[in-house]
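# Below are the sequence and a predicted model for it; my questions follow.
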Amino acid sequence: MQAYKRITMSIQTVLEAKVKEAILSIFKAELPSVEFQPTRKDFDGDITVVVFPMLRIVKGNPVQIGEQLGAFLKDEVAAVTDFNVVKGFLNLVLSDTFYIDFFKTICDSPDYGLVAESAHNAVMVEYSSPNTNKPLHLGHIRNNLLGYSVAEILKAAGKKVYKTQIINDRGIHICKSMLAWQRYGNGETPKSTGLKGDKLVGNYYVKFNSVYNSEIEALVAEGIERKVAEKEAPSLVEAQKMLLKWEAGDKEIVALWKEMNGWVYEGFNVTYKNMGVDFDKLYYESDTYLLGKDFVADGLQKGIFYKKEDGSVWIDLTEDGLDEKIVLRSDGTAVYMTQDIGTAIQRVKDYPDINGMVYTVGNEQDYHFKVLFLILKKLGFPWAEQLHHLSYGMVDLPSGKMKSREGTVVDADDLMVDMTATAKQISEELGKLDDYADSEKEELYKTIGLGALKYYILKVDPKKRILFNPEESVDFQGNTGPFIQYTFARIQSVKRNASDHGLNWKNSTEVEDLHKKEKELIKQLLIFPDTIHLAAENYSPAVIANYVYDLVKSFNSFYQQVPIFVDAEEEKKVFRIQLANKVGEVIESSFKLLGIQVPQRM
RNA sequence: GGUGGCAUAGCUCAGCUGGAUAGAGCACCUGCCUUCUAAGCAGGCGGUCCUAGGUUCGAAUCCUAGUGCCAUCACCA
């Protein structure tokens, strides 16, 4: 692990020092810094020194300066074998030996690029956090995949990570489902109906809303104003009463609440398992919704908050460019913000080693989190500096926003089933797996189908919204999960074939020069560790997805143009298999960061 | 109205802290399976980087203004 770092770091550092030295000796001037970039494909070279910025220090023609610099570097730096100058760009050609030496340093470490965990750098990642009155849908899928993946990426960057969610298990929404079930359920249970628990409860939520809506229409027809009707419809009033009873601890209501939530959790667990996400710790809002009040009282005393005449408590954030925000109702009950303050503090108590938190929540709550983080800072918690809202765009359908109340959602379970079915159909058409057992096939279809779905969602920048068209199925060709999985499977096939050719590719090997495609691949491998850090800094799985796609494209090009088993001497064959193997390992590591599995065959 | 986000090829998206002729995939068109997996490879077609100014040797990228879409601004969560 140290070795590759030394090499990648060293070449730029060495070059930078040498460039400065050259400018000093040729032009008697001191350069503050040197700008490097990878050489573009259409030009000859590996690394490029940009001459333009030097013109501020050194007067002259950029091409001539480049020529002089190039000659100096070629003489002084062993790894530089040649150079050329185009306009103000000095392209340096690095020796094959440089790349071969680098490859040797990473060849035997299967976890290349991943940084070992350091315990005093823990972070908590919250994601999912569903309501318990309806099943998970496509929006939750994006949330779950993002949260899970970012957690994995942070781990790979050396952090200890706790994955968590806060389950929204109380409130008027669940009362609505409970009420509808009481009235129309006839004692139905997941067992009696064969439905997943979350689906069953979700159906009653929809039922509630249809009854509620017809009540509103009836009231409006009687001449009552719509806004009033919405508040006074009998079902809603009834649900609100139920919430009060729940808060008062009414035995019957609490028992029903427990039972129905239990159904939902069973259903959720099935969905999470299929999705491949997990959690280290669960928080329930019914436990935490009273937290935070003490801190409001505390803040009130410190003068961070103030009380209005009616008794409600507020914070004035106008000096920070935001508005006033309520933190406690006039009747003394908590609002969302109160809970979130309390929950954050609770988490740090539960896990004293964390010094940061990531909240995976849609961008419609940008404002809420801005305020929350600011309040925690003002309350003086040192860890408040390390909070991050992982904000992501909505997943919209061509018809607009998904609405559970109206049933216009893409259900998470259904979607995963569909993707698996598509994978099956394509696989059967290709007919490469006829010798597989049925159970192996089913497993594989799931890997591929979910791979397609996950990659499709994770490859786009989190902050951008996604338009999902259920009519046009997710692709399996081109920049897709299956394309990358296919390449992985192909590499495994190469390794299996190696033994047929009597090659022990694990032996060490010596090669002296590289094919253009081999060099390109090693270059790609070289930037994997940086890519992980970039992804971690930006909380962006898309960075990983795009990287691994580029790597795979390079590999396929290599694969089709450079024969591995034919026509080459033994040493070369072994080297190429080792190279393929390393690419396979990096694909697997990358996909693990995205929560996607890789198949041995497909 | 205030605030925040987004705007790149017909469609879906890359483009790192400003750098060379703006890149991929899908779709459409051409080639490549008697040799390692063709879910692949090689190539073609396709762009006023929303508009207008500005900063710079250099702007898709930074600044200002405008346009469009989305979100948000509740004693809802």
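Happy to help now that I have it.

# quick one, what contacts A:H120?
Neighbouring residues of A:H120 by C-beta atoms under 8 Å, 6 or more residues apart in numbering: A:D353. For glycine as for every other residue, the C-beta is placed from the backbone atoms N, C-alpha and C.

# Isn't A:M416 up against A:A452?
No: at 10.6 Å, A:M416 does not count as touching A:A452 under the criterion of C-beta atoms under 8 Å.

# Please say which of those two ends up with more neighbours.
Taking other C-beta atoms under 10 Å, A:M416 and A:A452 do not tie; A:A452 has more neighbours (25 against 18).

# tell me what whichever strand or helix holds the more buried one is packed against?
If you go by DSSP states H and E, A:A452 is part of helix A:438-458. Judged by 3 or more C-beta pairs under 8 Å, 6 or more residues apart in numbering; DSSP states H and E, the packing partners of helix A:438-458 are helix A:138-156, helix A:412-430, helix A:481-500, helix A:541-561, helix A:570-594.

# buried set for that helix?
Neighbour-count burial for helix A:438-458, counted by 16 or more other C-beta atoms under 10 Å, picks out A:444-458.

# in chain A, which residue is closest to the centre?
Centroid-nearest residue in chain A: A:L146, 3.3 Å away (criterion: C-alpha atoms, centre = their mean).

# Contacts only, for that residue.
Applying C-beta under 8 Å, 6+ apart, the residues near A:L146 are A:Y127, A:T360, A:L390, A:Y392, A:I457, A:L458, A:P462, A:P541.

# hang on, the third one is in a helix, isn't it?
No: if the criterion is DSSP: H, G, I helix; E, B strand; the rest coil, then A:L390 is strand and not within a helix.

# Averaged pLDDT, the helix or strand encompassing A:K523. What do you get?
Assigned by DSSP H and E, A:K523 belongs to helix A:516-526. Averaging pLDDT along helix A:516-526 yields 93.

# And RNA strand B, is it touching that?
No: applying C-beta under 7 Å from any atom of the strand, one finds helix A:516-526 separated from RNA strand B by no less than 8.7 Å.

# Stretch A:40-54 too?
Yes: judged by C-beta under 7 Å from any atom of the strand, stretch A:40-54 comes into contact with RNA strand B at A:R40, A:D42, A:F43, A:G45, A:T48, A:V50, A:F52, A:P53.

# Name the nearest residue to the fourth one, ignoring sequence neighbours.
Using C-beta to C-beta, 6 or more residues apart in numbering and skipping residues adjacent in sequence, the residue nearest A:G45 is A:N91, 3.1 Å away.

# Strand partners (parallel or antiparallel) of the helix or strand that that neighbour is a member of?
Taking DSSP H and E as the criterion, A:N91 maps to strand A:89-94. Looking at strand A:89-94 with DSSP bridges, its partner strands are strand A:47-50 (antiparallel), strand A:80-86 (antiparallel).

# quick revisit: closest to RNA strand B out of the buried residues of helix A:438-458?
Nearest to RNA strand B out of these is A:I448 (C-beta to the nearest atom of the strand; 4.9 Å).

# ok, and what's touching stretch A:167-184?
Residues contacting stretch A:167-184 (C-beta under 8 Å, 6+ apart): A:129-134, A:188, A:201-202, A:204-205, A:207-209, A:211-212, A:235, A:238-240, A:242-243, A:246, A:253, A:256-257, A:260-261, A:282-286, A:289.

# Can you select the buried ones among these for me in ChimeraX?
The buried subset of the contacts of stretch A:167-184, as determined by 16+ other C-beta under 10 Å, is captured in ChimeraX by this line:
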select /A:129,130,131,132,133,134,201,202,204,205,207,208,209,211,212,235,238,239,242,243,246,253,256,257,260,261,283,285,286,289
